[in-house]
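Peer 1: My questions concern the predicted model and sequence given below.
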Amino acid sequence: MFDNIIQDRIANSKSINHAGFRVLLVYRFGRWRMEVRNKLIRAPLSFIYRIMEKHVRFKYGIELPYSCCIGQQLTIEHQHGIVIHGNAKIGSFCVIRQGVTIGNKTTTSPHEAPTIGDHVNIGAGAKLLGNIVIGNYVTIGANAVVVTDLPDYAVAAGIPAKIIKINSHL
C-alpha cells in the first residue's frame, strides 16, 4: 500500500494537497482495509473509510470506489465530475481529467465496466462505457464517447469515438 501511495504522490504533482492524490489515498486505504482478516479490526477501519470516501467524493466530485482495480501512478489532472465504476480496471501511468465517466453502458448489464491498459490518456469529459477493452498507449479525445474496444496506440475522438490515428512512433 505505501509503495502505491508514494507512486500516486509522484503522479499527482508530488503534493499531498492535490485532490487526485487525496482521492487515491482514500482508495488505497479502502483496498488495504479489505486485506485485514480480523473482522473486529476491519469494522472500525471500514467505518473510517466510509467517512473519508464520502468526504473526498463530495469535496472533490470524484467517485472512486475501492472495488475497482487501479495500477500505479494514476494521474487525476483536475477534479469534479469524475465517476469510475466499481468493476473498472485501469492500468498504470494513466491520466484522467475532469468530467470523465468510466462506467456501464446499460441498466440491463450493470456490472459491466471498461478495462483500460497502461499509459492511457483520457481527455476531459470523455465517456468510456460498457464491457470494452482499451489498449496500451491510447489517447482518447475530450468529450469522446467510447463504446467499442480500442487497440494499442490508437487515438480516438468523436461521438461515438472513432480511431483517427494509430501512433506507431511511441
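Peer 2: Thanks, I have the structure now.
Peer 1: Quick one: find the helix or strand in this protein with the lowest mean pLDDT.
Peer 2: None of the helices or strands of the chain scores lower by mean pLDDT, DSSP states H and E than helix 2-11, at a mean of 84.
Peer 1: Just the CA trace of it, in PDB.
Peer 2: What follows is helix 2-11, C-alpha atoms only, in PDB (Å, rounded to 0.1, in the frame of the first residue of the first chain):
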ATOM      1  CA  PHE A   2       2.700   2.500   0.900                       C
ATOM      2  CA  ASP A   3       4.600   2.000  -2.300                       C
ATOM      3  CA  ASN A   4       1.400   2.700  -4.300                       C
ATOM      4  CA  ILE A   5       0.800   5.800  -2.200                       C
ATOM      5  CA  ILE A   6       4.300   7.100  -2.900                       C
ATOM      6  CA  GLN A   7       3.800   6.400  -6.600                       C
ATOM      7  CA  ASP A   8       0.400   8.200  -6.500                       C
ATOM      8  CA  ARG A   9       2.000  11.200  -4.900                       C
ATOM      9  CA  ILE A  10       4.700  11.300  -7.600                       C
ATOM     10  CA  ALA A  11       2.000  11.200 -10.300                       C
END
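Peer 1: so Glu53, which of the three states?
Peer 2: helix (DSSP: H, G, I helix; E, B strand; the rest coil).
Peer 1: That one - how many residues pack around it?
Peer 2: Neighbour count for Glu53, taken as other CB atoms under 10 Å: 19. (Glycine included, C-beta is placed from N, CA and C.)
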